[in-house]
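Visitor: got a sequence here, can you model it:
(one chain, ligands or ions: 1)
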Amino acid sequence: MSVDKGIFRRRQRQSETFDYHAGEPSPTPWKSDVQIEHYVPTHCCYCGVQCGMYLKVAGGKVVGVEPREDFPLNRGMLCPKGATAYQTVNHPDRLTYPLMRRNGKESPLERASWDEVLDVIAGRFRAIQGEYGKDAVAIYSGSSMTNEKCYLMGKFARVALGTRHTDYNGRLCMSSATGANERSLGIDRAANPVSDMLHADCIFVIGANVGECFPIITSYLWQARDRGCKLIVADPRQTPIARTADVFLPLRSGTDSALLNGMLHVIIKEGLIDEDFIRARTVGWEETKALVEQYPPERVAKVCGLRPEAIIEAARMFGQAQAALIYTARGLEHQSKGVDNGVTAINLALATGNFGRPGAGYGTLTGQGNGQGGREMGQKASQLPGCREIENPEDRTYICSVWGIDEKDLPHSGYP
Ligand code: SF4
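Guide: Numbers count the residues shown, from 1 in each chain. The predicted model follows:
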């Protein structure tokens, strides 16, 4: 038995080619003498940096972008992706109206009006929920949207549809970081603004391809480097940022926790922990210490495919810094042990007292535009707006009072 692979071949023949149309004039030709009528402030939605930009409008069309000098994150910079983002607006392949298969799954997609498709969608939602219950409909959304739109997605699912099954792309993207944040810090929120990089003496980037996935963040790293900040990069690939590191740790995929535990082992042995901070601000230190005792650099080197000397050098660099930052991203998080990996990264920052000071801390570099905002605004299955917990009675009561609904009508958690 097998799937009907012919389905894909048939679909392929039907589909159009969504790419550059060779031989056709550009939809957005460059004209240096065009008179710009409006500058519309917005942001680039391509990556988690979300640089501020102006869309340049002339003759009722978007004809270009300009970076915003007043936006605190990119301060007049855009990467090549952002600088060409406007070209999608008038591209002939852009879908600007609904398409619908009017006669079943095998029928072709045909142009439809918004009224027509909204009636069909609402009618199907009602019919399915009427027959199978409210939870028979699920909402899954992205978060390359403003906070306000993210908020509305969660509210639409819970109030308009009344379904517990709502989630967003962060389920795949940053859920491990969320789990680690909640387990170690008690709240799913970044500990530092990006500008803290400029105050760090050591930055440790693990599982984050900064140069290609968060291009403008590179400028913060370079500015930090200009004032003497050390850079450690751990990544199975020699990414562009890895090529500039003081210590590059090309670890074997999936061995992040071993490396981080090994570094903490060295930091403890060399007396580089912050005992006052640990005593005053943490719990579970003895268990952590007992665990990392099992990770001497020689053993970790074999697990990770690294030299023991490189692990020791990285540990000293991080442990001796006055202010050190550790940044993770999807490379460390998209693993079956992603939450544990995140917790071991946070352990490194906690054990060295690198929290609550400028240039010291831990953070995850958000993958998608507004991935953090999406869950703060209540797009996630287990969270209500403002990082409130959907199963916490006080949080439920408060949100119901804002939304004007009875607590019994607010669905409970989907899959946490
Ligand atoms: S760094 Fe990210 S948000 Fe900024 S311009 Fe490039 S793709 Fe857009």
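
Visitor: which SS class is the closest residue to A58 other than its chain neighbours?
Guide: What sits nearest to A58 in space, not counting adjacent residues and going by CB to CB, 6 or more residues apart in numbering, is V34, at 4.9 Å. Backbone N, C-alpha and C define where each C-beta goes, glycine included. Secondary structure assignment for V34 (DSSP: H, G, I helix; E, B strand; the rest coil): coil.

Visitor: what distance separates the start and the end of stretch 376-392?
Guide: Criterion CA to CA, to the nearest Å; first-to-last residue distance in stretch 376-392 is 16 Å.

Visitor: now it: average pLDDT?
Guide: For stretch 376-392, mean pLDDT rounds to 91.

Visitor: what residues sit buried inside it?
Guide: For stretch 376-392, the buried set under the neighbour-count rule, 16 or more other CB atoms under 10 Å, comprises E376, M377, G378, Q379, K380, A381, S382, Q383, L384, P385, C387, I390.

Visitor: do stretch 388-406 as well
Guide: Buried residues in stretch 388-406 (16+ other CB under 10 Å): I390, D395, R396, I399, C400.

Visitor: let's see which of those residues end up in helices.
Guide: Residues of the buried residues of stretch 388-406 located in helices (DSSP state H): D395, R396, I399, C400.

Visitor: just flag the most distant two among those.
Guide: Farthest apart among those by CB to CB are D395 and C400. That separation is 9.6 Å.

Visitor: just the closest residue of this protein to the ligand, please.
Guide: Among the residues of the chain, G82 lies closest to the ligand, at 2.2 Å counting by CB to the nearest ligand atom.

Visitor: quick one: contacts of the helix or strand hosting P41?
Guide: Taking DSSP states H and E as the definition, one finds P41 inside strand 38-43. Here strand 38-43 makes contact (CB atoms under 8 Å, 6 or more residues apart in numbering) with Q50, C51, G52, M53, Y54, L55, K56, V57, E66, R68, F71, G369.

Visitor: filter those by proximity to the ligand?
Guide: Near the ligand, judged by CB under 6 Å from any ligand atom, the entries from the contacts of strand 38-43 are Q50, C51.

Visitor: tell me where the stretch 51-200 of the chain has strands.
Guide: Under the criterion DSSP state E, counting those that start in this stretch, the stretch 51-200 of the chain contains strands at 52-58, 61-67, 99-101, 109-111, 139-141, 166-168.

Visitor: gap between D33 and V65?
Guide: Computed as CB to CB, to the nearest Å, the D33 to V65 distance reads 18 Å.
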